[in-house]
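>>> with the sequence up front, the predicted model follows.
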Amino acid sequence: MTITISNLNVADNAPSGTVVGALTAMDDKGTVIPCNFMLTKQAAGYFGISTDNLVTAWEGSIKPGNYPVTVRANGINTRFAGHAKFTINVTAVEPPPAPPPPLCATAVSGATSIAMKTTPKERMRIGILRYFRPAPKNRSDVGKSFGPRTCVRPLSQEHDQDY
């Protein structure tokens, strides 16, 4: 008599009800036996059973690590009773990286260009937008340099009409 599970890994940010793995009970000959599965108290709050599946039961996220689970099985139509211990590996999922900000540089007096190392493919995907700073609002700033500013940012189809 054997109880198996199809998977032992789940992400720490998996929503409640996510299937961790399918449970199967088999007799000594390898014949699958329909069973009612249940968990011991040890898994309470972390995991649950939904039909023949071990599912997550936490809300939000859980601390990554190894969580022991004991599954009990009772045959529905066949005289069968058994239990099995599994260790579920809850893995940390790193959030996706934040998108990089646009590359901006203020022109320096006397400078003629801003050097950027890019590949030809990258240059095709990058748009360059030049603009001037607005006129100073403060009289004490009159006469100070408010030179051009160059911003480089990726173009997308939705912004193509703006250029």
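Sure, I can see it.
>>> show me the contacts for V71.
3, 5, 23, 37-39, 49, 54, 83-86 (CB atoms under 8 Å, 6 or more residues apart in numbering). (Glycine included, C-beta is placed from N, CA and C.)
>>> and the furthest pair within those?
I49 and K85 (15.1 Å; CB to CB).
>>> pick out whichever of those two has more residues nearby.
Taking neighbours as other CB atoms under 10 Å, I49 and K85 compare with I49 leading, 17 against 11.
>>> is it fair to say the more buried one lies in a strand?
Yes - under DSSP: H, G, I helix; E, B strand; the rest coil, I49 sits within a strand.
>>> and it, what does it touch?
Under the criterion of CB under 8 Å, 6+ apart, the neighbours of I49 are 23, 37-39, 55, 71.
>>> so it versus T70, what's the distance?
Distance of I49 to T70, given as CB to CB, to the nearest Å: 12 Å.
>>> now do the shared contacts for these two.
Common neighbours of I49 and T70, using CB under 8 Å, 6+ apart, are L39.
>>> okay, domains of the chain per the record?
Here the domain parsing of the chain from automatic domain parsing is 2-91, 103-162.
>>> hey, least reliable of those domains by pLDDT?
Of all those, the minimum mean pLDDT falls on domain 103-162 (a mean of 49).
>>> correct me if wrong: E59 contacts G17.
No - with contact defined as CB atoms under 8 Å, E59 does not reach G17; the gap is 10.4 Å.
>>> hmm, who's touching stretch 19-32?
The contact list for stretch 19-32 (CB under 8 Å, 6+ apart) reads 1-10, 33-35, 37, 47, 49-50, 52-56, 71, 73, 75, 78, 80, 82, 88.
>>> got it, and stretch 83-103?
Against stretch 83-103 from outside (CB under 8 Å, 6+ apart): 2-5, 8-13, 20, 47, 54, 62-73, 116, 151-153.
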